[in-house]
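>>> What follows is a predicted protein model with its sequence.
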Amino acid sequence: MSFQPVLPFGGYAGWRFLDRTLESQQAAFAKAPAMQRDADYFRANIAKATTAEALVADHRLMKVALGAFGLDDDLPNKAFIRKVLGEGTLQAEALSNRLSDKRYAAMAKAFGYDLQPPRVGQSDFADKILVAYDSRRFETAVGDQDGNMRLVLALQRDLGDVAAKTTSEATKWFTIMGTPPLRSVFEGALGLPSSFATLDIDKQLETLQERTGALFGSPDVSQFSDPAQMEKLARLFLVRAELAGGGASAVSGQSVALQLLQGTQAGGGVLSLLG
């Protein structure tokens with residue numbers, strides 16, 4: 001029987017438990033027989049897949065490749081993935097560069113099928129992909145029990161990298177908007193409605209910056225290089241989600257959560273509640 005993540009309760013308290021036990025839980029999950037079989041097959045065969053066509057033709061390799069970037073749902077979409085990988089990222093008009101979801105460009109860049117030779121033949125390539133695959137598969141298993149917890153795991157993994165980039169702040173925000181898990185956390189934490197994504201892209205950027213500035217003291221993504229700021233973001237997202245869900249764990253903290261939501265009208269006052 002495979003290892004299942006242990007989540008004794010939900011909400012922010014549940015996240016703190018998961019965060020404290022994350023390393024040991026991930027290690028146990030990666031040792032599961034099915035995960036080991038995936039890893040062994042990928043290490044033994046990925047260097048042979050020297051073209052995008054060869055990778056897509058091997059279901060087991062494609063499973064790991066897509067899983068490493070959280071794109072498991074695209075497993076049946078062979079022609080689409082072959083085009084994404086085959087065109088790579090070097091040309092501005094490449095498909096991966098034109099897609100709003102930046103995970104495709106990250107995958108295409110990692111495999112480097114537009115390079116000669118592609119990166120799949122590098123000695124450390126398999127291990128790099130498998131580290132990402134183990135992490136993403138663990139997140140998926142967590143998400144089977146608690147979708148919000150999965151989003152916070154993705155936040156911890158990805159936001160620091162975006163924040164540390166040397167690109168402009170606007171570019172960082174566009175990356176967040178093009179990365180579904182990060183977008184979901186920010187929209188939830190900032191209390192944005194489901195219709196937000198239908199707004200003009202520049203209006204979305206303006207709103208994200210304004211609300212982030214009001215709640216965190218700065219409109220810049222770079223502030224989330226600070227673990228304390230990232231933790232405040234995760235906490236706000238989970239408290240809002242817990243209140244919206246109305247679960248049992250939300251009841252005892254309901255008054256605090258209501259104050260938190262009301263505090264968004266007064267800007268930085270929310271952060272005093274977040275502590």
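Everything's here; your move. Residues are numbered from 1 along each chain as shown.

>>> buried stuff in stretch 39-52?
39, 42, 45, 46, 49, 52 (16 or more other Cβ atoms under 10 Å). Every C-beta, even on glycine, is put in place using the N, C-alpha and C of the backbone.

>>> Could you tell me which of the residues you listed are located in helices?
When DSSP state H is applied, those are split such that 39, 42, 45, 52 fall in helices.

>>> I'd like those residues as a markdown table, with pLDDT and distance to residue 100 appended.
Compiled in a markdown table, these are given as follows (pLDDT from 0 to 100; distance: Cβ to Cβ, whole Å):
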| residue | pLDDT | distance to residue 100 |
| --- | --- | --- |
| 39 | 96 | 31 |
| 42 | 98 | 28 |
| 45 | 98 | 32 |
| 52 | 97 | 21 |
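
>>> Can I get these in TSV including distance to residue 199?
Rendered in TSV, the data for those read as follows (distance: Cβ to Cβ, whole Å):
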residue	distance to residue 199
39	43
42	41
45	45
52	35
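
>>> Low-confidence stretches in the protein?
1, 246-275 (pLDDT under 70).

>>> mind giving me the domain split of this protein?
Each domain of the chain is listed here as a residue range: 32-133, 146-266, per automatic domain parsing.

>>> Would you reformat those as JSON lines and include distance to residue 10?
Compiled in JSON lines, these are given as follows (distance: least, Cβ to Cβ, whole Å):
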{"stretch": "domain 32-133", "distance to residue 10": "22"}
{"stretch": "domain 146-266", "distance to residue 10": "5"}
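
>>> Quick one: closest of these to residue 15.
For residue 15, the closest of these is domain 146-266, at 5.7 Å, according to Cβ to Cβ.

>>> nearest residue to residue 173 other than its sequence neighbours?
Counting by Cβ to Cβ, 6 or more residues apart in numbering, residue 173 lies nearest to residue 205, which is 5.4 Å off, once chain neighbours are set aside.

>>> got a list of what that neighbour touches?
When the contact criterion is Cβ atoms under 8 Å, 6 or more residues apart in numbering, the partners of residue 205 are 170, 173, 174, 177.

>>> For the third one, give its distance to residue 183.
Using Cβ to Cβ, to the nearest Å, one gets 11 Å for the distance from residue 174 to residue 183.

>>> excluding its backbone neighbours, what's nearest the residue nearest in space to the middle of the chain?
With the centre of the chain defined as its mean C-alpha position, the nearest residue by Cα atoms, centre = their mean is residue 154, 3.3 Å away. Taking Cβ to Cβ, 6+ apart, and ignoring the residues beside it in sequence, residue 154 has residue 181 as its nearest neighbour in space, at 3.7 Å.

>>> which residues sit against the helix or strand harbouring residue 149?
Residue 149 belongs to helix 147-164 when assigned by DSSP states H and E. Surrounding helix 147-164, the residues in contact under the criterion Cβ under 8 Å, 6+ apart are 7, 10, 14-15, 18-19, 70, 135, 138-140, 142-143, 172, 175-176, 179, 181-182, 184-185, 188, 221-225, 230, 233-234, 237-238, 241.

>>> so what's the backbone phi/psi at residue 51?
Note on residue 51: backbone dihedrals following degrees, to the nearest 10 are phi -130, psi 160.
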